[in-house]
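Novice: Generate a structure from the sequence data that follows.
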Amino acid sequence: MLDALTQVVPTETTRQAAGYPTLFLFVAVGALLPVIPTGALVSSAAVVAFHQKAPYSLLFVFVTAAVAAFLGDVALYWLGRRGMHSKNGSRWLQALRSRAPQERLEQAQEKLADHGVLVLVLSRLVPAGRIPVMLACLMAKMPLRRFARGDVPACLAWALTYQVIGLLGGSLFKQPWQGVVAAIALTVAVSAVPVLWRKVRRPSGSQHA
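Specialist: Numbers count the residues shown, from 1 in each chain. Purely as a prediction, here's the structure:
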């Protein structure tokens, strides 16, 4: 019996030790390349941590996700600034511009002018809102240090939000895989709401124009 316990504990510890660097890597890369569903990854990791009931596992998921998101954002902003100062630009800056429609960029510039770096918090929470706001900061020539200060609460709020989604999904089901599916479904639903809202509002806006 004791031998079995000593075999189980190292295995579980090893899985946790491997899971956090993997989460860090995917979230950081997802911040640089906005094609990875980082929110769903954080929610799924929160579900697994919830069912493991290991001490501080949820805290580790939160810290790992927030730090990775912050470092990824700062790295992407730094690369964007290099592109702004280069005569030929850069592929990172071009990628940012391709993901920021003119309408969304203008809205981001207006919000940035009205609210300053506080808009970074909302940009992290609103699906597809991060890139237009980041590009607006670049066009406003915001220093990297100021952007980083505003991005800290943004990444903390983002990590907390998707961890709460994971906790909701994990608490609904006994099996971790069921909680992961529920968390991903909730994440997709949260991401779809702003898109649907814009589609509903667009016809009414065009009629008044």
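Novice: which residues touch Gly19?
Specialist: Neighbouring residues of Gly19 by Cβ atoms under 8 Å, 6 or more residues apart in numbering: Ala45, Val48. The way it works is simple: take the backbone N, C-alpha and C, and place the C-beta from them, glycine included.
Novice: which stretches of the chain form helices?
Specialist: If DSSP state H is used as the criterion, the helices of the chain fall at 2-32, 38-52, 57-85, 91-98, 102-115, 119-125, 130-139, 144-172, 176-208.
Novice: Among those, show me which one is buried the most.
Specialist: Most buried of these, by mean neighbour count (mean count of other Cβ atoms under 10 Å): helix 38-52, with a mean of 25.
Novice: Give me the below-cutoff pLDDT ranges for this structure.
Specialist: Under the criterion pLDDT under 70, the flagged ranges of the chain are 1-18, 86-90, 173, 176-177, 189-209.
Novice: Kindly recompute the last result at 90.
Specialist: 1-20, 32-41, 43-44, 46-57, 80-108, 111, 113-118, 122-129, 139, 165-209 (pLDDT under 90).
Novice: pretty sure Arg28 is in contact with Leu71, am I right?
Specialist: Rather than Arg, residue 28 is Ala. Yes: counting by Cβ atoms under 8 Å, Ala28 touches Leu71, with 5.7 Å between them.
Novice: nearest residue to Leu105 other than its sequence neighbours?
Specialist: Nearest residue to Leu105, sequence neighbours excluded (Cβ to Cβ, 6 or more residues apart in numbering): Pro132, at 5.0 Å.
Novice: can you tell me which residues contact the one you found?
Specialist: Contacts of Pro132 (Cβ under 8 Å, 6+ apart): Arg99, Ala100, Pro101, Arg104, Leu105, Gln107, Ala108, Ser123.
Novice: What's the separation between it and Val181?
Specialist: 31 Å (Cβ to Cβ, to the nearest Å).
Novice: do the same with Gly169
Specialist: When Gly169 is compared with Val181 (using Cβ to Cβ), they lie 8 Å apart.
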